[in-house]
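Asker: Prediction below, plus the sequence it came from.
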Amino acid sequence: MLRIIAIIVLLVTSQLSAQSNYETGMQNAFKLWKANESENAVNLFERIANAETENWLPSYYAANVLIVKSFQTKEEQELVAQLKKAQNFINDATAISKENPEIIVLQALLHTAYIAFDGAKYGMTLSGKVASLYSEALKLAPNNPRVVFSKADWDMGAARYFGQDTKPFCKDIEKAVKLFVNFKPETPFHPGWGKDRAEAVLEACGK
């Protein structure tokens, strides 16, 4: 009996230790990202992903860091290298968690980074894909604030590009802001971004 108890205690202790290592690693990776140490953050998220083979979040954030960085990248060769690496991380996350609206939104943002860099070169081939991805994500999670906001933000950008009125999409931005109020991520590490940006876009809608 004592041996069984000892084994149970050992298993529980091992699980708690693994969880602690994961949480510490994720917290450190976010600190690196916040400190603008993007490369180190990506490397740490990647190491966590290699250890947490059934967890999509580390790969998601590794891709996210690279995509966010790409919006400030000026050289096309560097941009393509970053986004190809990000795509590999998205593929890894998708293999773990299929039909995940958070990952689908991230995929749309990756394509958007290409378009933002050179709309003439990438817009024709990727704009339709972005719109399709947002529609897919909205069907899967119509009350996810990031999905609602990201789709509306994209639609507003497209309308602005073609010289159309953006006001019709303000109601969707307002809906997203309201959804953010009550949204609670599943864990401290699940995606929770977007609220500040949505509020800023909504404020601009009234001007």
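Answerer: Good, I have the coordinates. Numbers count the residues shown, from 1 in each chain.

Asker: Give me the neighbour count for residue 80.
Answerer: Neighbour count for residue 80, taken as other Cβ atoms under 10 Å: 14. (C-beta placed from N, C-alpha, C; glycine too.)

Asker: element containing it?
Answerer: In this structure, residue 80 sits in helix 76-96 according to DSSP states H and E.

Asker: Which positions within that helix qualify as buried?
Answerer: 79, 82, 83, 86, 87, 89, 90, 92, 93, 94, 96 (16 or more other Cβ atoms under 10 Å).

Asker: Spatially nearest residue to the last one, not counting backbone neighbours?
Answerer: Spelled out, that is residue 96. Taking Cβ to Cβ, 6 or more residues apart in numbering, and ignoring the residues beside it in sequence, residue 96 has residue 56 as its nearest neighbour in space, at 4.2 Å.

Asker: again with residue 150
Answerer: Nearest-residue entry for residue 150: residue 105, 5.1 Å, with adjacent residues in sequence omitted and distances by Cβ to Cβ, 6+ apart.

Asker: angle of the host helix or strand of that neighbour against helix 76-96?
Answerer: Assigned by DSSP H and E, residue 105 belongs to helix 101-117. For helix 101-117 against helix 76-96, the angle between stretch directions is 170 degrees (axes from the mean of the first three to the mean of the last three Cα atoms, to 10 degrees).

Asker: Pick out whichever of the buried residues of helix 76-96 sits closest to residue 36.
Answerer: Distances from those to residue 36 were compared by Cβ to Cβ; the smallest belongs to residue 82, at 15.0 Å.

Asker: now that closest one: how far from residue 204?
Answerer: Computed with Cβ to Cβ, to the nearest Å, the distance linking residue 82 and residue 204 is 29 Å.

Asker: For the residue nearest to residue 109 when sequence neighbours are not counted, grab phi and psi.
Answerer: In space, residue 109 comes closest to residue 67 once its chain neighbours are excluded; the distance is 5.4 Å by Cβ to Cβ, 6+ apart. In this entry, residue 67 is assigned phi and psi values of phi -70, psi -50 (degrees, to the nearest 10).

Asker: With residue 186 instead?
Answerer: Summarising the backbone geometry of residue 186 under the convention degrees, to the nearest 10, its torsions are phi -60, psi -40.

Asker: what residues are up against it?
Answerer: Taking Cβ atoms under 8 Å, 6 or more residues apart in numbering as the criterion, residue 186 is in contact with no other residue.

Asker: got the CA coordinates for stretch 52-66 in PDB?
Answerer: These are the backbone C-alpha positions of stretch 52-66, laid out as PDB (Å, rounded to 0.1, in the frame of the first residue of the first chain):
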ATOM      1  CA  GLU A  52       5.100  20.200 -25.200                       C
ATOM      2  CA  THR A  53       4.300  18.200 -28.300                       C
ATOM      3  CA  GLU A  54       0.500  18.200 -27.700                       C
ATOM      4  CA  ASN A  55       0.200  21.900 -26.900                       C
ATOM      5  CA  TRP A  56      -0.400  24.300 -29.800                       C
ATOM      6  CA  LEU A  57       0.200  27.500 -27.900                       C
ATOM      7  CA  PRO A  58       4.000  27.600 -28.000                       C
ATOM      8  CA  SER A  59       4.100  27.200 -31.800                       C
ATOM      9  CA  TYR A  60       1.200  29.700 -32.100                       C
ATOM     10  CA  TYR A  61       3.200  32.400 -30.200                       C
ATOM     11  CA  ALA A  62       6.500  31.600 -32.000                       C
ATOM     12  CA  ALA A  63       4.600  32.400 -35.200                       C
ATOM     13  CA  ASN A  64       2.900  35.400 -33.700                       C
ATOM     14  CA  VAL A  65       6.200  37.000 -32.700                       C
ATOM     15  CA  LEU A  66       7.600  36.600 -36.300                       C
END
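
Asker: Alright, that wraps it up for me.
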